[in-house]
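In: Here's my sequence, what's the structure:
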Amino acid sequence: MTFRPTRRAVVGGLAGLAVAGSAKAARDPDLGPNVLVIDPSMPRAAVQAKLDAIFTAMERAHFSDRRHAILFKPGHYNLDVNVGFFTQVVGLGALPGDVTINGHVHVEADWAKGMALDNFWRGVENLSVSPPEGADRWAVSQAAPYRRVHLRGDLALDDGGWSSGGFMADCRIDGTIRSGSQQQWFTRTSKIRGWEGSNWNMMFMGVDGAPATSFPKPPYTSIATVPVMRDKPFVYFTKAGAWAVFVPAVGRDARGTSWGSGNPRGTSIPLSRFFIARPDMPARRINAALARGMHVLLTPGIYRLIEPLKVDRANSILLGLGLATLLPEGGSKAIVVADVPGVVLAGLLIDAGPVMSPVLVEIGPRGSNRDHRANPTSLSDVFFRVGGATLGTADTCLEVNSHHVIGDHMWIWRADHGDRANGRIHVGWRENVGNQGLVVNGDDVTMSALFVEHFEKYQTLWNGERGRTWFYQNELPYDPPSQAAYMAGTTRGWAAYKVADSVADHQAVAMGIYANFTADPSIVLESAIEAPRRPGVRFANITTISLGGGKGTIAHIVNDAGVAARPGAIKQTLVAYP
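Out: Numbers count the residues shown, from 1 in each chain. Model prediction:
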C-alpha cells in the first residue's frame, strides 16, 4: 500500500485560526482551550486549517507539555485528520457511524524518516472513516490506541521503517490489515476482513476474521472469546442535544464489536454529573468534587499534584481527554482508589515527579479483601512514564491490591530516551530511577495488552492468585552499567515477569520479552519469566530476543526451560510451559 496523504499548507499560528461555530455552540460545556469541538456546519476550509495547525505543532512534539483533544459532533466531514503526539481524535456519536470522515484519520512517521518506533501517545476512537483511495495508515508504537473505529478500507500499521505497537479494540475493518514491520500487536473484540504480516507476537482475542493460532510460524495467537472485559467509556452527544458519557457494561465471553447490532450494553451518564477539571486546578478541588459523588472529566493538560486524587466512592469515573497528564510533586501518589467496586480510570498519562513516589497509582490499599467480581474496577488506556520529559522517579508505577481488577491496554514505561531536542534528557540508571512497573497483590486480576518496559528490578511482579495476562510486551532496561549492578540477590538479573512462589494458579499467553543491554552487552538475564513449578501456573507462546544483533543474553525463557537468546542466536520461542 502506497497511500500518503498530501500535506496542506498552514496559514498563521494556532491562536489565529478561529473556527466559526454553529448555533448550538453556546450549549457546549467549557472544556478548556485544548479541546476543539467541531460540528458539520463549520466551514470545511477553516476546520482543515485548524487541524493542520495542531498537527504541525505536534508532529515532532515527542516530549511536549501541550495536549489536544479534537471532538467531532455527529455528521459527515470531508477532512484529512493527521494525528500527532499528545492528540486524541474522538467522534461524539452514540455509534461509530454517527461521525463519518470522508478522508483520512492517520499517522505516519515522516518526522522520523518512516521509523515509527517513537510514535507514542495519541489515539482515535468512536468514528468511521471512508478513505477515497480505500486505504488508511496507523503507523504507531505504544500508547496509541485505535478504538471503536469503522474503517471502510485497508489499514497499514507501519510506514516502511520499524514500528512497535500496538492496540486495537472494538473496531470493524472492512479491508485487510497489513502489519508490515510491527514487532507485535494486540487486537480485541473486532471484526476484520483479513490480516497480513507478522514478526514476533501477534494476538487476537474475540476477533471475527482473525488468523488461526500458528505460533511460532507465523507467531499468531488467536483466542475465540474474551473471558472478562470492559470497554473504555466515551463522551458522546445525544440526539436530544445533550452531552453524556457512556460507560460500557462488563462483558464476559465477548466476541466481535460491541456495536455491530446496535447500541452496546452499558450506562449513559449526563455530563452534568461530571466535574470538568482544568490543569490549573489544585488536587483538593478535584477531590472535593469526588467526595460529593461527582465523576471527573480531566481536560487536556498537565495536572501538577501535591496530593493524590482520592477515589473513595464505588462506581466513580476518572476520564481523561487528550492524554490528560497527572504529575505528582513532592513524592506523593497520583491516584489512590479505595477497595470499592466499579471504579473506572481511563485515558490518562501518569508522569513520575522529581521526588520518588512509592507508588504512582494504587488500586485498593494493601490487604484489600472484598469480592468485586460482579462489578470490577477497570483501567483503560492508562499510561505511565518515569523520566524522559521531566526528571521522574518512582518505586512502583501501578500497584493493584483489590480483587477482580481489569486492565485494558496499559504502557508502563521507564524512559530509555529523553527530550534531546531541548537538551532535557532525564534518563540514566541513577537518574530516572524506576524499580518496578506493575505489582499485583489482588486475586482474579486480568490484564490484556500489557506493555511494561525498562524498569530496574522486576518489570511485573504478580503475587495474587488466578491472575490472567493476555498479551505482554517487555523490553528490559538498556542501561544497567554492569552485571554486578543488575543482580536479584544471587540471580543474574531481574525477571521481566515474576510470579510469586506462593501462587498456585496463573496463566499468561502471547508474551514478548527483549534484551538490549546497550551499556554492557555482556549482561545475562537468567530467566525472562520466573514462576513456581505448579501445574496451575501456565505460560504459552513466548518469544525472547537479544536485540541490536545480540546486545545481552536471556539465558532461559521460563525458569530453566528454553534456549538462550544471545549473540549468534538472537531469537527463541517456547510454545508452552510446563
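In: For the chain, which segments count as helices?
Out: Secondary structure of the chain (DSSP state H): helices at 44-58, 283-291.
In: If you count contacts, what does the first one end up packed against?
Out: Spelled out, that is helix 44-58. Packed against helix 44-58, as judged by 3 or more C-beta pairs under 8 Å, 6 or more residues apart in numbering; DSSP states H and E, are the following elements: strand 35-38, strand 68-72, strand 80-82, strand 87-91. The C-beta positions use only the backbone N, C-alpha and C, and glycine is treated the same way.
In: so which of those strands comes closest to I302?
Out: strand 68-72 (13.0 Å; C-beta to C-beta).
In: who does that closest one pair up with?
Out: strand 35-38 (parallel), strand 87-91 (parallel) (DSSP bridges).
In: before we move on, the earlier item: most packed of the helices and strands packed on helix 44-58?
Out: Using mean count of other C-beta atoms under 10 Å, the stretch among these with the largest mean neighbour count is strand 87-91, at a mean of 28.
In: sorry, back to before: could you dump the strands paired with strand 68-72 into JSON lines with distance to F237 and mean pLDDT added?
Out: Compiled in JSON lines, those are given as follows (distance: least, C-beta to C-beta, whole Å; pLDDT from 0 to 100):
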{"stretch": "strand 35-38", "distance to F237": "9", "mean pLDDT": "98"}
{"stretch": "strand 87-91", "distance to F237": "9", "mean pLDDT": "98"}
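In: Would you mind saying which of these lies nearest R492?
Out: With C-beta to C-beta as the measure, strand 87-91 is the member of these nearest R492 (41.7 Å).
In: elements contacting the longest strand belonging to the chain?
Out: Secondary structure of the chain per DSSP state E: the longest strand is strand 317-328. Packing contacts for strand 317-328, counted by 3+ C-beta pairs under 8 Å, 6+ apart, involve strand 68-72, strand 87-91, strand 243-248, strand 274-277, strand 295-298, strand 302-305, strand 309-311, strand 344-351.
In: So which bits of stretch 158-178 are buried?
Out: For stretch 158-178, the neighbour count (16 or more other C-beta atoms under 10 Å) marks 158-159, 162-178 as buried.
In: coming back round to it: check the offset of the longest strand of the chain from the chain's centre.
Out: On the basis of C-alpha atoms, centre = their mean, to the nearest Å, strand 317-328 sits 13 Å off its chain's mean C-alpha point.
In: And stretch 350-364, by the same measure?
Out: 18 Å.
In: end-to-end on it?
Out: Using C-alpha to C-alpha, to the nearest Å, one end of stretch 350-364 lies 17 Å from the other.
In: Give me the buried positions along that stretch.
Out: Buried, per 16+ other C-beta under 10 Å, within stretch 350-364: I350, D351, A352, G353, S357, V359, L360, V361, E362, I363, G364.
In: what does stretch 288-298 give?
Out: A289, L290, M294, H295, V296, L297, L298.
In: L345 is in contact with I335, isn't it?
Out: Yes - using C-beta atoms under 8 Å, L345 is in contact with I335, at 6.8 Å.
In: what is in contact with the two at once?
Out: L318, V361 (C-beta atoms under 8 Å, 6 or more residues apart in numbering).
In: still on that earlier bit, out of the buried residues of stretch 350-364, who's nearest S522?
Out: Checking the buried residues of stretch 350-364 one by one against S522 (C-beta to C-beta), the nearest turns out to be A352, at 29.7 Å.
In: these two touch, right, the closest one and T396?
Out: No - if you go by C-beta under 8 Å, A352 and T396 don't touch, sitting 10.4 Å apart.
In: shared neighbours, these two?
Out: Shared contacts of A352 and T396 (C-beta under 8 Å, 6+ apart): L360.
In: Nearest residue to G552 in space, please, no chain neighbours.
Out: F517 (3.4 Å; C-beta to C-beta, 6 or more residues apart in numbering).
In: do the same with D170
Out: Closest to D170 by C-beta to C-beta, 6+ apart is R148, at 4.6 Å.
In: sorry, back to before: and the helices of the chain: which comes nearest P33?
Out: helix 44-58 (12.1 Å).
In: can you give me the angle that closest one makes with strand 87-91?
Out: Angle between the axes of helix 44-58 and strand 87-91 is 150 degrees (criterion: axes from the mean of the first three to the mean of the last three C-alpha atoms, to 10 degrees).
In: Let's see helix 44-58 as PDB, backbone CA atoms only.
Out: Taking Å, rounded to 0.1, in the frame of the first residue of the first chain, the C-alpha atoms of helix 44-58 are listed here in PDB:
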ATOM      1  CA  ARG A  44     -14.500  23.000   5.900                       C
ATOM      2  CA  ALA A  45     -11.500  25.100   5.000                       C
ATOM      3  CA  ALA A  46     -11.300  26.700   8.400                       C
ATOM      4  CA  VAL A  47     -11.700  23.400  10.200                       C
ATOM      5  CA  GLN A  48      -9.000  21.800   8.000                       C
ATOM      6  CA  ALA A  49      -6.700  24.700   8.700                       C
ATOM      7  CA  LYS A  50      -7.200  24.300  12.400                       C
ATOM      8  CA  LEU A  51      -6.500  20.500  12.200                       C
ATOM      9  CA  ASP A  52      -3.300  21.200  10.100                       C
ATOM     10  CA  ALA A  53      -2.100  23.700  12.600                       C
ATOM     11  CA  ILE A  54      -2.500  21.300  15.500                       C
ATOM     12  CA  PHE A  55      -0.700  18.600  13.600                       C
ATOM     13  CA  THR A  56       2.200  20.900  12.600                       C
ATOM     14  CA  ALA A  57       2.700  21.800  16.200                       C
ATOM     15  CA  MET A  58       2.500  18.200  17.400                       C
END
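In: Could you give the bridge partners of G407?
Out: Counting by DSSP bridges, the residues bridging with G407 are L379, M447.
In: Run a quick neighbour tally on it.
Out: Counted with other C-beta atoms under 10 Å, residues neighbouring G407 total 25.
In: And for the one 3 residues further on?
Out: Taking other C-beta under 10 Å as the neighbour definition, M410 ends up with a count of 26.
In: separation between it and Y472?
Out: Distance, M410 to Y472, using C-beta to C-beta, to the nearest Å: 11 Å.
In: shared neighbours of those two, which are they?
Out: By C-beta under 8 Å, 6+ apart, the residues touching both M410 and Y472 are M447, L450, F451.
In: Select only the buried ones of these in PyMOL?
Out: In PyMOL, a selection of the buried entries from the shared contacts of M410 and Y472 looks like this (16+ other C-beta under 10 Å):
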select buried, resi 447+450+451
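In: would JSON lines of the shared contacts of M410 and Y472 with pLDDT and distance to V105 be doable?
Out: Below are these laid out as JSON lines (pLDDT from 0 to 100; distance: C-beta to C-beta, whole Å):
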{"residue": "M447", "pLDDT": "98", "distance to V105": "28"}
{"residue": "L450", "pLDDT": "98", "distance to V105": "26"}
{"residue": "F451", "pLDDT": "98", "distance to V105": "23"}
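In: quick one: which of the shared contacts of M410 and Y472 is nearest R566?
Out: Using C-beta to C-beta, F451 comes nearest to R566 of the shared contacts of M410 and Y472, at 24.1 Å.
In: Tell me the bridge partners for the closest one.
Out: For F451, the beta-bridge assignment (DSSP bridges) gives partners W411, Q473.
In: Distance of it relative to G180?
Out: 19 Å.
In: And for P376?
Out: Taking C-beta to C-beta, one finds P376 at 35 Å from G180.
In: same thing with D253?
Out: Per C-beta to C-beta, D253 is found 32 Å from G180.
In: And for V149?
Out: Taken as C-beta to C-beta, the span from V149 to G180 is 18 Å.
In: Which of these two has more residues huddled nearby?
Out: V149 (28 against 20).
In: dump the residue contacts of the more buried one.
Out: With C-beta under 8 Å, 6+ apart, V149 has these contacts: P96, V105, V124, E125, N126, L127, S128, V129, C171, R172.
In: what distance separates stretch 44-59 from the middle of the whole chain?
Out: Stretch 44-59 sits 25 Å away from the centroid of its parent chain (C-alpha atoms, centre = their mean).
In: ugh, wrong one, stretch 243-262
Out: That offset, for stretch 243-262, works out to 19 Å (C-alpha atoms, centre = their mean).
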